[in-house]
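# fold the following, please.
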Amino acid sequence: MEEFRNQEETEIIVRKAFDELCSALSRCDDPDLIGEFLECLLTPTEKREVSSRWALVREIAEGTTQREIARKMGLSLCKITRGSRELKKENSPFRRMIEQYRKG
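Alright, predicted model coming up:
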């Protein structure tokens, strides 16, 4: 019972920290600072994974075929299909972030 309660408390702490992180990033208008922060926050593997996901959804949004993305980026079709599905969702956060980036 104690372990379950601790896991629940941990999830609350983690969720709050995630919300704080999102808020801090949304307030920052310095791309260099954000880049430096992410370099400190993420391991090289995490940075590569996050960047790869961003690149693949941008490619899908540009109309690149899934097979071409798989060939160019060395990704599985399964990962690419997941990104494609997310982009097709109504009010997709992926699509909205791509639109924010393009406004830049």
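
# phi first, then psi, for the residue nearest the centre of the chain.
Most central in the chain under Cα atoms, centre = their mean is residue 50, positioned 5.4 Å from the mean C-alpha point. Residue 50 adopts backbone torsions of phi -60, psi -50, taken as degrees, to the nearest 10.

# tally of neighbours for the nearest residue to it once chain neighbours are set aside?
Excluding its sequence neighbours, the residue lying closest to residue 50 (Cβ to Cβ, 6 or more residues apart in numbering) is residue 42, at 6.8 Å. (Each C-beta comes from the backbone N, C-alpha and C, glycine too.) The local packing of residue 42 (other Cβ atoms under 10 Å) involves 14 other residues.

# count the residues that sit near residue 87.
Residue 87 has 17 nearby residues by other Cβ under 10 Å.

# and for residue 60?
23.

# I'd say it and residue 87 touch.
Yes: Residue 60 lies in contact with residue 87 (Cβ atoms under 8 Å); the separation is 5.6 Å.

# got the confidence number for the residue nearest to residue 50?
Model confidence at residue 42, expressed as pLDDT, equals 98.

# wait, it touches residue 35, no?
No: counting by Cβ under 8 Å, residue 42 stays clear of residue 35, with 10.8 Å between them.

# now name the helix or strand holding residue 90.
Using DSSP states H and E, residue 90 falls within no helix or strand.

# how much space between it and residue 96?
The gap separating residue 90 from residue 96 is 11 Å, by Cβ to Cβ, to the nearest Å.

# compare these two (neighbour count), which wins?
A side-by-side neighbour count of residue 90 and residue 96, using other Cβ under 10 Å, places residue 96 first with 10 against 5.

# longest helix in this protein, please.
helix 2-27 (DSSP state H).

# and the average pLDDT for it is what?
The model assigns helix 2-27 a mean pLDDT of 90.

# with stretch 81-93 instead?
94.

# report the buried residues of that stretch.
83, 84, 87, 92 (16 or more other Cβ atoms under 10 Å).
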